[in-house]
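A.B. asks: the following comprises the amino acid sequence and a computationally predicted model.
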Amino acid sequence: MRHGAEALEREELRGLMRAFCLPSLAASLVTALYNIVDQIFIGRALGVAGNAAANVVFPAVTVITALSLMCGVGSSAVMNLALGRGDNEQARRGVAGGFVMMAVCGMAVSLAMLCRTVPLLRLFGCTDTVMPYAAPYAQITAFAFVCAMIGAAGPFLVRADGSPNYALCCTAVGTLLNLALDALFINVFAWGIAGAAWATALAQTVSAAMVILYLPRFRTLRLRAADFLPDFRLYVRIAALGAGPMCNFFTQAVVQVFLNAALKKYGASAACGSDAALAAAGVANKVNTLAAAVVTGLTNGMQPIVSYNFGRGSYARVREAGIIVVKQVLAVSFCIFLCYQLLPRQITALFGVGTEAYFDFASRFFRIFMMLIFLSGLQSSVGGFFSAQGMPLYSIFISVTRQLIFLPPLLVLLPRHFGLSGVLWAGPAADIAMAAAAAYLMARRCRRLEDMQRAADYAKEEIDATITQAT
């Protein structure tokens, strides 16, 4: 296979999609294992209280993921769009600006968590019983938020540079180390939830170091010290192009706050109790990071292909790449939906023991709240398709439709009439609204790309005819 820009423009599209999407998919799955491995070790060592603690810290993890996507997607889009136009200087500054933003965003979230741990955990729905477990986990992991940002966002730029396999290694090495350290710190040293936190922090530091070591070895560009000088207009551009994926995950953190509050309130009067409801939802949300990883991985693999070809004016290639990824996302998401419907109790049991009421609620959460998981993948895939073309507002709108316009109000209104069952049915109701908006926008954009390609082909024919007549 060709490498770099030549491959993005001329390689057979399905083969190119495999070359970029498969390593990106594997990297996203490996990243999701960070959270799941911790949850399994914590759940088996500490039971329901440990699972609940990891759940109330999860909004902070979601914020880090959101900011990582903003920096990674935004800077790689700037890079590829600039390369498509032949503007190497702008491409270099986009890469450097992305790394500056990763460091600044990571430090900001880290300071917020370290200085306001207890108030933030209360906001996230933490109970008095869970606080002794959640607070140390949140504080220890906060020390490595900068490394978490670089380790999660940096591979976007590595992948955009034409090294998807090295991008995969950056995340795979960290995850394998996290697994080994979890076993050592929790099972051997008996450090409990603090051991899980230290394992995550150290593994993320190693992943970040591997990304930084790649910087001098960029294949399409040669970065210079001057490229890292402050450029606030560039930072705004990066943030704008990465705003869609960021909004998707950031609003998930907002939704998690509403969800935890509803589970805490209405779970208290249910058979399972508040802590068990929080723990069951925490297990389901951590498991669902695998589904999100599949969607995110396929979308991230598409991004450099779409951005570069859009910059080159190859609109038919852009359209085809987007359609391929959306079809793949729907097919894989449907398989995940079947697992949630058929094996919810077995999945929950992987994360430790609990009461019968706990397992019953976990099963209902998987089967009802995540009923339309096969449609929710449209949110990231269609949103990423627009972001890669430099159209973040459409991506933001798709995210806002589900995460802010519909789901939070439903989580407030439905439980007033239906109790804990109302919390569960809010999920699929919001998914339907989002899927309708995403499908409409995707279809309209594909038609527009067809028109743009016809216009470009006609203009090229006119130029060729003019040249022929002149000679």
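C.D. replies: That came through fine.

A.B. asks: neighbours around residue 290, how many?
C.D. replies: Counted by other Cβ atoms under 10 Å, the residues lying close to residue 290 total 16. To be clear about C-beta, it is placed using only N, CA and C from the backbone, and glycine gets the same treatment.

A.B. asks: element containing it?
C.D. replies: helix 274-312 (DSSP states H and E).

A.B. asks: residue 362 too?
C.D. replies: Following DSSP H and E, one finds residue 362 within helix 356-364.

A.B. asks: same thing with residue 30?
C.D. replies: helix 13-46.

A.B. asks: ok, now which ones touch residue 214?
C.D. replies: With contacts defined as Cβ atoms under 8 Å, 6 or more residues apart in numbering, the neighbours of residue 214 are 154, 158, 163, 166, 170.

A.B. asks: actually residue 267, sorry about that
C.D. replies: Counted by Cβ under 8 Å, 6+ apart, residue 267 has contacts 273, 274, 275, 276, 277, 278, 361, 420.

A.B. asks: can you list the residues you listed in CSV and add distance to residue 229?
C.D. replies: Converted to CSV, those look like this (distance: Cβ to Cβ, whole Å):
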residue, distance to residue 229
273, 55
274, 51
275, 50
276, 53
277, 50
278, 46
361, 54
420, 54
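
A.B. asks: farthest-separated two in the residues you listed?
C.D. replies: Pairwise distances across these peak at 13.7 Å for 275 and 420 (criterion: Cβ to Cβ).

A.B. asks: any idea which helix or strand in the chain has the lowest mean pLDDT?
C.D. replies: In the chain, the helix or strand scored least confidently by mean pLDDT, DSSP states H and E is helix 4-10, which has a mean of 66.

A.B. asks: ok so, going back, among the contacts of residue 214, which pair sits farthest apart?
C.D. replies: 154 and 163 (11.4 Å).

A.B. asks: the two: which is more packed in?
C.D. replies: Counted by other Cβ under 10 Å, residue 154 and residue 163 do not tie: residue 154 has more neighbours, with 28 against 22.

A.B. asks: neighbours around the closest residue to the more buried one other than its chain neighbours, how many?
C.D. replies: With Cβ to Cβ, 6 or more residues apart in numbering as the criterion, residue 154 has its nearest non-adjacent residue at 3.3 Å, and that residue is residue 211. By the criterion of other Cβ under 10 Å, residue 211 has 24 neighbours.

A.B. asks: which ones are touching residue 192?
C.D. replies: By Cβ under 8 Å, 6+ apart, the neighbours of residue 192 are 45, 46, 133, 186.

A.B. asks: okay, the second one and residue 310: tell me how far apart.
C.D. replies: Here the criterion is Cβ to Cβ, to the nearest Å. By it, residue 46 lies 49 Å from residue 310.

A.B. asks: over to the first one?
C.D. replies: Residue 45 sits 49 Å away from residue 310, taking Cβ to Cβ as the criterion.

A.B. asks: so the two - more neighbours on which side?
C.D. replies: residue 310 (23 against 18).

A.B. asks: and the strands in this structure?
C.D. replies: Using DSSP state E, no strands are found in the chain.

A.B. asks: quick one: low-confidence residue ranges for it.
C.D. replies: Along the chain, segments meeting pLDDT under 70 span 1-7, 31, 33-35, 38, 470-471.

A.B. asks: regarding it, what is its longest helix?
C.D. replies: helix 420-470 (DSSP state H).

A.B. asks: so that one versus helix 274-312, what angle?
C.D. replies: Helix 420-470 and helix 274-312 are oriented at 10 degrees to each other (axes from the mean of the first three to the mean of the last three Cα atoms, to 10 degrees).

A.B. asks: which helices and strands does helix 420-470 pack with?
C.D. replies: Judged by 3 or more Cβ pairs under 8 Å, 6 or more residues apart in numbering; DSSP states H and E, helix 420-470 is in contact with helix 243-267, helix 315-342, helix 373-388, helix 392-400, helix 407-418.

A.B. asks: make TSV from the contacts of residue 192 and add distance to residue 457 to it.
C.D. replies: Shown next, in TSV, are these (distance: Cβ to Cβ, whole Å):
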residue	distance to residue 457
45	62
46	63
133	62
186	61
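
A.B. asks: quick one: which of those is nearest to residue 293?
C.D. replies: Nearest to residue 293 among these is residue 186, at 23.3 Å by Cβ to Cβ.

A.B. asks: that closest one and residue 131: what is the separation?
C.D. replies: For residue 186, the distance to residue 131 - Cβ to Cβ - is 20 Å.

A.B. asks: try residue 225
C.D. replies: Taken as Cβ to Cβ, the span from residue 225 to residue 131 is 46 Å.

A.B. asks: thinking again about what came up before, most packed of the helices and strands packed on helix 420-470?
C.D. replies: Ranked by mean neighbour count under mean count of other Cβ atoms under 10 Å, these are led by helix 373-388, which reaches a mean of 27.

A.B. asks: export that helix to PDB, keeping only CA atoms.
C.D. replies: Taking C-alpha atoms only, helix 373-388 is exported to PDB below (Å, rounded to 0.1, in the frame of the first residue of the first chain):
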ATOM      1  CA  ILE A 373     -27.900   1.000  21.200                       C
ATOM      2  CA  PHE A 374     -27.800  -0.100  17.500                       C
ATOM      3  CA  LEU A 375     -29.100   3.400  16.500                       C
ATOM      4  CA  SER A 376     -27.000   5.400  19.000                       C
ATOM      5  CA  GLY A 377     -23.900   4.800  16.900                       C
ATOM      6  CA  LEU A 378     -25.200   7.200  14.400                       C
ATOM      7  CA  GLN A 379     -24.500  10.000  16.800                       C
ATOM      8  CA  SER A 380     -20.700   9.600  16.600                       C
ATOM      9  CA  SER A 381     -20.300   8.300  13.100                       C
ATOM     10  CA  VAL A 382     -22.500  10.900  11.300                       C
ATOM     11  CA  GLY A 383     -21.200  13.600  13.600                       C
ATOM     12  CA  GLY A 384     -17.600  12.600  12.800                       C
ATOM     13  CA  PHE A 385     -18.400  12.700   9.100                       C
ATOM     14  CA  PHE A 386     -19.400  16.300   9.300                       C
ATOM     15  CA  SER A 387     -16.500  17.300  11.600                       C
ATOM     16  CA  ALA A 388     -14.000  15.800   9.200                       C
END
